[in-house]
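Q: Got a sequence here, can you model it:
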Amino acid sequence: MISFSSLKQISCLCLTCLLLIQCENNAKKTEGNIPAVQSNTTSSIKIAYVNSDTVSKYYDFAALIQTKLLNKRSSAENQLKDKMSSYQKLRADFEKAAPIMGEREKMEKAQNIMTLEQEIMRVEQDLTDQLAQEELLLTESYILKTNEYMQIIGKELGYDFVLSFRIGGPMLYADSSHDITEEVIQLLNKRYNSSLAE
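A: Take a look at the predicted model:
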């Protein structure tokens with residue numbers, strides 16, 4: 001006699017077979033209804049690349065930004081040097097005169113030295129923050145303006161994509177026949193310099 005458990009298993013097996021047969025029939029019906037997709041391969045995509053390290057080196061706007069940043073760093077370093085030389089002179093004078101000073105005078109001079117130390121640390125931090133902020137603003141300006149120019153240049157030259165190549169960057173290989181770095185540098189400089197004349 002067949003047990004109830006065996007009857008359940010046979011029923012499940014039959015249902016599964018019916019389901020598979022039905023799914024197979026539906027798949028065959030829909031295959032015939034799907035229109036073939038035609039690909040349009042007559043238009044080709046034009047891709048080029050520029051070496052961004054070379055652009056940074058010869059692009060006039062990049063050179064201007066680098067010069068501005070170097071001048072600001074140099075100015076900040078000079079301010080710190082002036083403060084440090086005042087500090088070192090004050091400290092040397094204190095150490096030289098300390099043996100003949102009274103306690104009250106020693107405490108006043110030591111307090112002046114500590115105040116100058118703290119001022120130097122504060123000025124250094126302020127200058128560092130200020131330089132970082134200015135560098136961020138100049139870099140943002142450079143990126144936005146260069147991107148604006150590249151949108152125009154890419155269209156003028158008829159490219160669909162202009163990629164950026166940098167050693168160690170994500171693009172590992174590119175055929176040098178697609179390198180438009182020199183042409184882009186000339187066009188970037190032309191656009192940048194004409195914007196200065198306006």
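
Q: Which helix or which strand is home to the nearest residue to Thr139 once chain neighbours are set aside?
A: Of all residues beyond its chain neighbours, the one nearest Thr139 is Ile65 (7.4 Å), with distances taken as C-beta to C-beta, 6 or more residues apart in numbering. From N, CA and C alone the C-beta is placed, and that goes for glycine too. In this assignment (DSSP states H and E), Ile65 forms part of helix 60-97.

Q: quick one: average pLDDT of the helix or strand following that helix?
A: Past helix 60-97, further along toward the C-terminus, the next helix or strand under DSSP H and E is helix 103-157. Mean pLDDT, taken over the full extent of helix 103-157, equals 92.

Q: what packs against helix 103-157?
A: Using 3 or more C-beta pairs under 8 Å, 6 or more residues apart in numbering; DSSP states H and E as the contact definition, the elements that helix 103-157 packs against are helix 60-97, strand 161-165, helix 181-197.

Q: now stretch 93-102, how far from the centre of its chain.
A: In this view, stretch 93-102 has its centroid 54 Å away from the chain centroid, taken as C-alpha atoms, centre = their mean, to the nearest Å.

Q: Any idea how far apart the tips of it sit?
A: The first residue of stretch 93-102 is 15 Å away from its last residue (C-alpha to C-alpha, to the nearest Å).

Q: now do stretch 45-56
A: The first and final residues of stretch 45-56 sit 27 Å from each other (C-alpha to C-alpha).

Q: tell me the mean pLDDT for that stretch?
A: Along stretch 45-56, the predicted local confidence has a mean pLDDT of 94.
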